[in-house]
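J.: Generate coordinates for the sequence data below:
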Amino acid sequence: MLWFKAIAVLVLIAFAEVLHGMVRVRLLNRRVGDRRARQIGVATGSLIILAIAWLTVPWIGVTSASQSLAVGGIWLVGMLAVDVGFGRYVFHFPWSRILREFDPRQGGFLGFGMLVLLAAPLAVAWLRRLW
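T.: Sure thing, here's the model as predicted:
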């Protein structure tokens, strides 16, 4: 049941992040430019992920650090698939553009957002003292 719940929350995170991206493009890109908007988006997206984790990790029912990291791993792999899939097959970005999103030397901070995804269940479980 734990894994089913982790995947259900992954779907929620993916939905929230897609909406977040749409709002970012509509509102923020015009004001600060695409690159800066994407950088800001990693920070605000991370906050969304942490909020969702805070609300759902107790429901998921993790009982150990290893389970928390496994849930984070599921979220990480799932969101990598969503982000790369959207970039490549919906927006038709070249692989170089997708990889640039993960390279901080080129202004891409998406890798940091992915680390938040991985660590969020562990951090929430620890802060809530769930195990």
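
J.: Which residue would you name as the spatial centre of the chain?
T.: The centre of the chain sits closest to Leu117, judged by C-alpha atoms, centre = their mean, with a distance of 5.0 Å.

J.: Check which helix or strand that one maps to.
T.: With elements taken from DSSP states H and E, the one containing Leu117 is helix 110-127.

J.: That helix: which residues count as buried?
T.: In terms of neighbour count (16 or more other C-beta atoms under 10 Å), helix 110-127 has its buried residues at 110, 113-114, 116-125. (Glycine included, C-beta is placed from N, CA and C.)

J.: hang on, the earlier thing: tell me if I'm right that the residue nearest to the centre of the chain and Val77 touch.
T.: No: Leu117 is not in contact with Val77 according to C-beta atoms under 8 Å; the separation is 9.4 Å.

J.: With just CA atoms, put stretch 117-127 into PDB.
T.: Coordinates of each C-alpha in stretch 117-127 appear next as PDB, following Å, rounded to 0.1, in the frame of the first residue of the first chain:
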ATOM      1  CA  LEU A 117      12.100  15.700  -4.500                       C
ATOM      2  CA  LEU A 118      14.400  13.000  -3.300                       C
ATOM      3  CA  ALA A 119      14.900  14.400   0.200                       C
ATOM      4  CA  ALA A 120      11.400  15.800   0.900                       C
ATOM      5  CA  PRO A 121       9.900  12.600   2.400                       C
ATOM      6  CA  LEU A 122      12.900  12.000   4.600                       C
ATOM      7  CA  ALA A 123      13.000  15.600   5.800                       C
ATOM      8  CA  VAL A 124       9.300  15.700   6.500                       C
ATOM      9  CA  ALA A 125       9.400  12.300   8.300                       C
ATOM     10  CA  TRP A 126      12.300  13.500  10.400                       C
ATOM     11  CA  LEU A 127      10.600  16.900  11.200                       C
END
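
J.: what's the distance between the closest residue to Ala120 other than its chain neighbours and Ile98?
T.: Once its chain neighbours are removed from consideration, Ala120 has its nearest residue in Ala53; the separation is 3.9 Å (C-beta to C-beta, 6 or more residues apart in numbering). Note on Ala53: its distance to Ile98, by C-beta to C-beta, to the nearest Å, is 25 Å.
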